[in-house]
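> Here is the input, now give the coordinates:
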Amino acid sequence: MKKKKAGIYDRWLSTLGGGEQVAFAYAETLRDLGYSVELLTHGAVDLEKAEKKMNVNLKDINIKYLPEKSTLELSEYSEKYDFFINTSYLDYFPSRAKKSLLSVFFPGEIYLSPFEFIKRAFVIPSLKILFIYPIRFEGFSFDQIKNGVIYKWIKNESKIIFNKPIDKICLDIYIEKVSFSILDGIGFYSNDKKIIPISKTLNHNNNIVTYKFDLEKEKDITIRLPNEKYKNNIALTRFTIPKIKYFLYNAFKSRFPRWEMRLHGGAGITPRSYLESYSEIITISKFCRKWIKKYWGLPSTILYPPVNTKAFSPAKNKKNHIIHIGRFFVTGHSKKQLEMTRVFKKMVDKYKLKNWELHFIGSIESGSQHQDYYNQVKTESKDYPIHIHTDMSFLELKKMLSEAKIYWHATGLGENEEKAPILFEHFGITTIEAMASGCVPVVIAAGGQPEIVDDESGFKWKTEKELMDYTHKLIKSKNLLSRLSKGAVERSKFFSRGEFKKNFKRIIER
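Next comes the predicted model:
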């Protein structure tokens with residue numbers, strides 16, 4: 001009997017973020033149910049890295065790479081599947097599949113003000129035509145910020161892809177240990193053809209080599225290392241394109257970071273009929289279901305995201321650590337590290353706290369405004385037991401979570417949900433990972449957080465004073481801390497991968 005075909009579309013699959021964890025879980029479940037499964041995306045996905053980072057099994061799951069097309073044109077790819085899932089954030093194209101799900105992390109508005117309509121229908125499309133800019137970075141291990149410079153660490157082969165052809169580019173490459181063999185051994189390619197730099201200049205003060213190229217109107221450039229042993233010892237620190245269209249893009253990005261994000265995908269003009277073409281709308285929390293109803297006037301089904309709770313466990317000997325996980329950034333639903341820093345400082349001063357530390361774990365979003373925010377947190381943390389970790393492996397993160405006693409979450413603090421619900425945490429996977437590690441969550445009573453934490457597993461607060469009071473209550477009472485820690489571990493199991501797959505199967509089979 002011929003297998004039924006299932007397709008799962010996610011534009012952002014290569015980022016391997018929280019949304020992509022859901023996409024992989026859909027794929028695993030459908031494969032286990034006997035479907036022939038394809039993941040649909042645009043940018044190259046490092047399968048080995050995906051399996052390791054996400055702890056998923058992608059055996060017999062294929063990846064199909066689609067050309068860059070408009071949102072509406074992508075609709076044609078859904079037609080060949082018996083079961084189709086669109087789980088790509090803000091990509092609302094109509095489904096042509098026999099049965100399909102629209103998986104929504106948070107809804108974009110479809111009934112637009114005149115200004116928003118003009119922006120989406122005319123301004124953003126015009127800017128896409130005007131600017132030259134990178135649309136994807138493929139094959140880089142990770143980003144690291146040093147002295148305000150972003151180091152994109154190169155694996156064996158890393159690629160930059162642009163929205164339109166370029167004929168000139170300068171690449172700044174950091175080499176940890178410079179030698180003539182490395183300088184000559186790094187290979188550069190465009191459209192799979194080797195290209196030779198017209199010049200290369202070494203700055204001995206910082207070990208950065210600037211390579212200049214003349215190209216034949218190419219849309220990508222690939223960097224290949226001479227040997228695998230140099231992986232993560234060589235990094236791209238900057239590239240420049242000597243064109244006014246690239247200069248204008250950078251000026252625009254610096255001034256309007258939220259608008260710039262729309263150049264890489266996102267909500268356009270969405271008729272309600274596009275949304276109604278799906279058999280069912282799935283979302284990740286009651287909070288999101290509420291806003292789907294408000295924005296679209298449509299019902300939706302809650303399917304909580306899968307969390308690999310088995311990967312986390314409490315340490316036998318915990319430390320007096322309060323922990324928070326989240327990127328440092330100021331647009332969208334900012335994690336509010338600065339506000340938490342100020343609350344902790346007040347606690348230290350008011351309660352004369354001794355031997356308690358606050359730890360922030362998270363990367364820094366690229367861009368000067370995000371770097372400035374990180375620097376402000378760092379400056380205000382001085383002379384207090386506050387520690388910031390911006391480059392931490394998953395194993396190190398798990399260890400810190402297992403040893404911590406309390407987890408803080410403050411996204412949405414000071415914001416107005418009715419006016420800007422996008423600024424709140426839509427669910428909160430890191431909160432569950434912390435709970436599985438035996439951390440007692442003390443979280444803001446907003447967004448999706450109240451659905452995660454109950455009275456037997458932690459505290460929900462509405463004011464900074466309540467955050468201080470609940471935290472101090474835990475610090476003073478070992479029995480309360482121990483009881484809620486055990487409750488947090490038990491509560492986290494409600495959001496496990498097993499529960500996700502069980503609930504997803506019910507949706508498929510009904």
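> and the nearest residue to Glu176 once chain neighbours are set aside, how far is that from Asn227?
With sequence-adjacent residues excluded and distances taken as C-beta to C-beta, 6 or more residues apart in numbering, Glu176 is closest to Asn233, at 4.4 Å. Backbone N, C-alpha and C define where each C-beta goes, glycine included. In this view, Asn233 and Asn227 are 10 Å apart by C-beta to C-beta, to the nearest Å.
> list the contacts for the residue nearest to Glu176?
Residues in contact with Asn233, defined by C-beta atoms under 8 Å, 6 or more residues apart in numbering, are 175-177.
> What distance do you get for it to Asn156?
To Asn156, Asn233 is 12 Å away according to C-beta to C-beta.
> if we can go back for a sec, give me the buried entries from the contacts of Asn233.
Neighbour-count burial (16 or more other C-beta atoms under 10 Å) applied to the contacts of Asn233 gives Ile175.
> so of the contacts of Asn233, which ones are in strands?
Judged by DSSP state E, the contacts of Asn233 include Ile175 as members of strands.
> Name the nearest of the contacts of Asn233 relative to Glu464.
Glu176 (43.7 Å; C-beta to C-beta).
> Can you check the pLDDT for that closest one?
The model reports Glu176 with a pLDDT of 87.
> and if you look at Thr71?
75.
> Reduced to three states, what does it come out as?
Judged by DSSP: H, G, I helix; E, B strand; the rest coil, the three-state class of Thr71 is coil.
> Give me the neighbour count for it.
20 (other C-beta atoms under 10 Å).
> That one: what's it in contact with?
Shown in contact with Thr71 (C-beta under 8 Å, 6+ apart): 91-93, 268.
> hey, which helix or strand in the chain has the poorest pLDDT?
The helix or strand of the chain with the poorest confidence is helix 257-262; it has a mean of 74 (mean pLDDT, DSSP states H and E).
> Against which helices or strands is that one packed?
helix 124-130, helix 244-255 (3 or more C-beta pairs under 8 Å, 6 or more residues apart in numbering; DSSP states H and E).
> repeat that with 6 Å
Here helix 257-262 touches no other helix or strand, going by 3 or more C-beta pairs under 6 Å, 6 or more residues apart in numbering; DSSP states H and E.
> Now Gln449. Nearest residue, chain neighbours left out?
Val443 (4.4 Å).
> Is the one you found located within a helix, as I assumed?
No: the assignment for Val443 (three-state DSSP) gives strand, which keeps it out of a helix.
> Which secondary structure state is assigned to Lys219?
Look at Lys219: counting by three-state DSSP, its state is strand.
> Touching, it and Pro165? I think so.
Yes: between Lys219 and Pro165 there is a contact under C-beta atoms under 6 Å: 5.2 Å.
> residue boundaries of the helices in the stretch 351-500 of the chain?
Assigned by DSSP state H, counting those that start in this stretch, the helices in the stretch 351-500 of the chain fall at 368-380, 394-403, 429-436, 449-452, 464-476, 478-492, 497-509.
> now, of the ones you listed, which is deepest in the fold?
Mean neighbour count (mean count of other C-beta atoms under 10 Å) peaks for helix 429-436 among those, with a mean of 26.
> which other residues reach it?
Helix 429-436 is contacted by residues 18, 307, 309, 312, 325, 401, 407, 409, 441, 452, 488, 492, 495 when judged by C-beta atoms under 6 Å, 6 or more residues apart in numbering.
> what two of these have the greatest distance between them?
Distances among the contacts of helix 429-436 were taken as C-beta to C-beta; the most separated pair is Gly18 and Ala488, at 19.7 Å.
> hmm, back to that, any idea which of the contacts of helix 429-436 is closest to Asp214?
Set against Asp214, the nearest of those by C-beta to C-beta is Gly18 (41.4 Å).
> Distance check, the nearest residue to that closest one once chain neighbours are set aside against Ile302.
Of all residues not flanking Gly18 in the chain, Ile429 sits nearest, at 5.2 Å (C-beta to C-beta, 6+ apart). Distance of Ile429 to Ile302, computed by C-beta to C-beta: 15 Å.
> what about the residue nearest to Tyr304 when sequence neighbours are not counted, distance to Thr430?
Spatial nearest neighbour of Tyr304, chain neighbours left out: Phe495 (5.3 Å); criterion: C-beta to C-beta, 6+ apart. Using C-beta to C-beta, Phe495 is found at 12 Å from Thr430.
> hang on, the earlier thing: from the contacts of helix 429-436, pick the one nearest Ile63.
Closest approach between these and Ile63, by C-beta to C-beta: Gly18, at 19.2 Å.
> Need the phi and psi values for that closest one.
phi -60, psi -40 (degrees, to the nearest 10).
> and if you look at Arg238?
Dihedral pair for Arg238: phi -170, psi 150, per degrees, to the nearest 10.
> Mind pulling up the pLDDT for it?
Arg238 is assigned 92 on the pLDDT scale.
> Over to Gly266?
66.
> Buried residues in stretch 401-416, which are they?
Residues of stretch 401-416 classed as buried by neighbour count (16+ other C-beta under 10 Å): 401-413, 415.
> now the helices: where do they sit in the stretch 151-300 of the chain?
Going by DSSP H, counting those that start in this stretch, the stretch 151-300 of the chain shows helices at 180-185, 244-255, 257-262, 272-276, 286-296.
> Of all those, which one comes closest to Ser103?
Ser103 sits nearest to helix 286-296 of all the helices of the stretch 151-300 of the chain, at 10.8 Å, using C-beta to C-beta.
> Now the element after that closest one, going C-ward?
Sequence-wise, the next helix or strand downstream of helix 286-296 (DSSP states H and E) is strand 301-302.
> buried stuff in stretch 131-150?
With the criterion 16+ other C-beta under 10 Å, stretch 131-150 contains buried residues 131-136, 138-140, 143-145, 150.
> Using CSV, lay out these together with secondary structure and distance to Ile292.
CSV is the format used below for the buried residues of stretch 131-150 (DSSP: H, G, I helix; E, B strand; the rest coil; distance: C-beta to C-beta, whole Å):
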residue, secondary structure, distance to Ile292
Phe131, coil, 32
Ile132, coil, 37
Tyr133, coil, 32
Pro134, strand, 33
Ile135, strand, 29
Arg136, strand, 29
Glu138, strand, 33
Gly139, strand, 36
Phe140, strand, 35
Asp143, strand, 33
Gln144, strand, 37
Ile145, strand, 36
Ile150, strand, 36
